[in-house]
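In: Coordinates for the following, if possible.
(one chain, ligands or ions: 1)
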Amino acid sequence: MAYGVALQGSIDPGRSEKEVEPSLSWPPDLRGDTLTPVTEQKPTTYWDYIQIEELTALQSGLAESEDEISNDEVLFITVHQVFELWFKLILRELRTARDLFRKEPVAEQELSGAARSLERVTTILRRCTDHFEVVETLTTRDYLAFRNKLFPANGFQSRQLRQIEIVMGLADEDRIPFGSERGFLAALKEPDGTPSTSMQKVCNTQAEGASFREAIDEWLYRTPIDGVSLEDPDSAASLDRFLSKFLDAYDSESASSRSIALANAKGSADAERIEELYSDERASVRAFFSPSESKGGARRRRIRAAALFVETYRELPLLAWPREILDSLVELEQQFVVFRQRHARMAERVIGRRAGTGGTSGVAYLDKTALKYRIFRDLWAIRTLQIRREAAPELDKPEYYGFLHPE
Ligand code: HEM
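Out: You can find the predicted model right below:
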């Protein structure tokens with residue numbers, strides 16, 4: 001086998017010219033019932049396809065012409081536009097993945113596609129986070145030179161970020177009050193109080209129905225635990241058995257970590273503090289599996305147990321992709337937190353601790369969103385109670401999660 005430059009006509013970079021079958025012809029024959037004959041198709045140009053003239057004519061902000069504004073302001077506008085384009089793609093991918101999980105049953109063979117969508121969203125968001133570095137080439141004085149004309153516009157009015165949050169499932173009660181507005185929708189009204197197009201689009205997104213979080217909850221709720229499905233008359237008792245076995249295993253793992261921590265304690269006060277930490281942790285793990293009715297009761301308990309089950313037994317073939325999905329969601333949410341924190345640090349560097357153009361406390365508000373906005377809380381919570389694989393209780397029916405499980 002000759003190695004080197006890939007040869008035209010071969011899709012295998014390791015094949016030599018002589019090995020390539022001569023059957024491929026170029027250009028391909030596009031004449032068919034449904035395809036436009038090659039001869040009638042106008043040659044495509046880059047400028048038409050990318051709409052380059054339209055695109056590069058959009059960076060003048062409030063001015064008649066781009067020539068009237070500084071490079072700093074063009075940068076400011078362009079960076080925001082780049083973000084909005086990425087947000088657009090994020091929304092598309094999230095909707096596609098969410099819709100898969102709204103189906104009943106969720107097609108297992110499509111889970112890898114959903115994982116790919118989530119991976120793409122995370123990658124885009126990571127790039128968005130890097131973009132803040134470009135904004136930081138703007139000094140405080142550079143920004144102050146044109147900042148006053150922005151009032152009261154601000155990123156809070158980015159309807160696409162609000163749509164992303166809604167599609168993901170950020171609960172309204174978890175939102176941080178912005179300032180004087182009554183709800184985040186009010187900030188999307190036109191200056192005369194009428195609904196803006198942005199506001200209408202956000203309302204349409206709210207009307208789309210189940211969010212990603214709700215769809216994932218429903219999917220987890222239906223997940224068979226230790227081979228017993230939700231419809232099985234034994235499902236509640238079997239769930240109790242699984243959780244009781246698991247919590248015993250957790251207690252014993254936690255006890256051994258506690259002994260090690262106590263052996264390293266620096267004096268009796270430190271030991272007391274460590275005892276308290278471990279006892280609080282055990283209490284919160286038990287409370288996690290006894291949610292009150294207002295927190296979802298038995299349904300929420302099963303959802304949490306299912307997430308834990310999938311993570312704990314992820315080597316079983318039928319659990320491998322579901323586990324990838326849960327992990328991708330945590331990774332995505334983690335990236336969102338990093339994105340929000342990065343934005344806050346960039347803002348602090350450029351405007352310090354002054355109030356935002358939109359009327360919030362500025363960086364203090366942004367930091368609160370980074371700390372508080374969590375959507376997949378249960379997926380994060382089960383990280384606290386996972387245990388080593390060898391310590392996990394044996395399953396009654398592991399064969400159920402083989403490639404060919406009995407119906
Ligand atoms: C000089 C650059 C920037 C500064 C100083 C800045 C500062 C701020 C501040 C203070 C807020 C809080 C709202 C307010 O009272 O104004 C905010 C919100 C926001 N900004 Fe920026 N920002 C900058 C650039 C950007 C860029 C490039 C993006 C990219 C899209 C962005 C996206 C957002 C979003 C989405 C919010 C709403 C956050 C939320 O409510 O969760 N900002 N920004």
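In: What lies in contact with stretch 135-149?
Out: Here stretch 135-149 makes contact (Cβ atoms under 8 Å, 6 or more residues apart in numbering) with 62, 69-70, 72-73, 75-76, 79, 346, 349-352, 357. The C-beta positions use only the backbone N, C-alpha and C, and glycine is treated the same way.
In: just curious, which of those residues is nearest to residue 160?
Out: Within the contacts of stretch 135-149, the smallest distance to residue 160 is 14.7 Å, found for residue 79 (Cβ to Cβ).
In: Against the ligand, how distant is that closest one?
Out: 5 Å (Cβ to the nearest ligand atom, to the nearest Å).
In: Count the residues that sit near that residue.
Out: 17 (other Cβ atoms under 10 Å).
In: Then residue 279?
Out: So residue 279, with other Cβ under 10 Å, has 12 neighbours.
In: coming back round to it: among the contacts of stretch 135-149, which one is most surrounded by other residues?
Out: residue 73 (24 neighbours).
In: Tell me, how many residues neighbour the closest residue to it other than its chain neighbours?
Out: Leaving out its chain neighbours, the residue that sits closest to residue 73 by Cβ to Cβ, 6 or more residues apart in numbering is residue 146, at 4.8 Å. When neighbours are counted by other Cβ under 10 Å, residue 146 registers 16.
In: Any part of whichever strand or helix holds residue 146 near the ligand?
Out: Element membership for residue 146 (DSSP states H and E) is helix 140-147. Yes - counting by Cβ under 6 Å from any ligand atom, the ligand is contacted by helix 140-147 at residue 143.
In: helix or strand right after that helix?
Out: As assigned by DSSP H and E, the chain's next helix or strand after helix 140-147 is helix 159-168.
In: and that next one, what does it pack onto?
Out: helix 71-102, helix 197-206, helix 212-222 (3 or more Cβ pairs under 8 Å, 6 or more residues apart in numbering; DSSP states H and E).
In: got the angle between the longest one and helix 140-147?
Out: Using axes from the mean of the first three to the mean of the last three Cα atoms, to 10 degrees, the inter-axis angle of helix 71-102 relative to helix 140-147 is 80 degrees.
In: in helix 71-102, what's buried?
Out: 72-73, 75-77, 79-80, 83, 86-87, 90-91, 93-95, 97-98, 100-102 (16 or more other Cβ atoms under 10 Å).
In: now do the second one
Out: Judged by neighbour count (16+ other Cβ under 10 Å), helix 197-206 contains these buried residues: 198, 199, 202, 205.
In: From these, pick the one nearest residue 333.
Out: Nearest to residue 333, judged by Cβ to Cβ, of those is residue 205 at 18.8 Å.
In: Let me see the confidence value for the closest one.
Out: Here, the pLDDT recorded for residue 205 equals 98.
In: Name the nearest residue to it, sequence neighbours excluded.
Out: Residue 205 sits nearest to residue 163 (Cβ to Cβ, 6+ apart), 4.5 Å away.
In: show me where the stretch 201-350 of the chain has helices.
Out: According to DSSP state H, counting those that start in this stretch, the stretch 201-350 of the chain carries its helices in the segments 212-222, 235-263, 268-288, 297-312, 317-351.
In: Which among these is found nearest to residue 55?
Out: Closest among the helices of the stretch 201-350 of the chain, once you apply Cβ to Cβ, is helix 317-351, at 24.4 Å.
In: Going toward the C-terminus from that closest one, what's the next helix or strand?
Out: Immediately after helix 317-351, counting by DSSP H and E, sits helix 363-372.
In: If you tally nearby residues, what's the number for the nearest residue to residue 221 once chain neighbours are set aside?
Out: Sequence neighbours aside, residue 303 is the residue nearest to residue 221 in space, at 5.2 Å (criterion: Cβ to Cβ, 6+ apart). When neighbours are counted by other Cβ under 10 Å, residue 303 registers 21.
In: what number of residues lie near the closest residue to the ligand within the stretch 301-407 of the chain?
Out: Among all residues of the stretch 301-407 of the chain, residue 356 sits closest to the ligand, at 2.0 Å; criterion: Cβ to the nearest ligand atom. Here the number of neighbours of residue 356 (other Cβ under 10 Å) works out to 22.
In: likewise the one 10 residues further on?
Out: Taking other Cβ under 10 Å as the criterion, the count of residues near residue 366 is 22.
In: How about residue 329?
Out: 23.
In: can I assume it is in contact with residue 219?
Out: No - with contact defined as Cβ atoms under 8 Å, residue 329 does not count as touching residue 219 (11.4 Å).
In: Check the gap between whichever residue of the stretch 151-300 of the chain sits closest to the ligand and residue 97 for me.
Out: Of all residues in the stretch 151-300 of the chain, residue 155 sits closest to the ligand, at 2.1 Å by Cβ to the nearest ligand atom. Relative to residue 97, residue 155 is positioned 25 Å away (Cβ to Cβ, to the nearest Å).
In: who's in contact with residue 338?
Out: residue 129.
In: before we move on, what about residue 308?
Out: Residue 308 neighbours (Cβ under 8 Å, 6+ apart): 246, 382, 385, 386.
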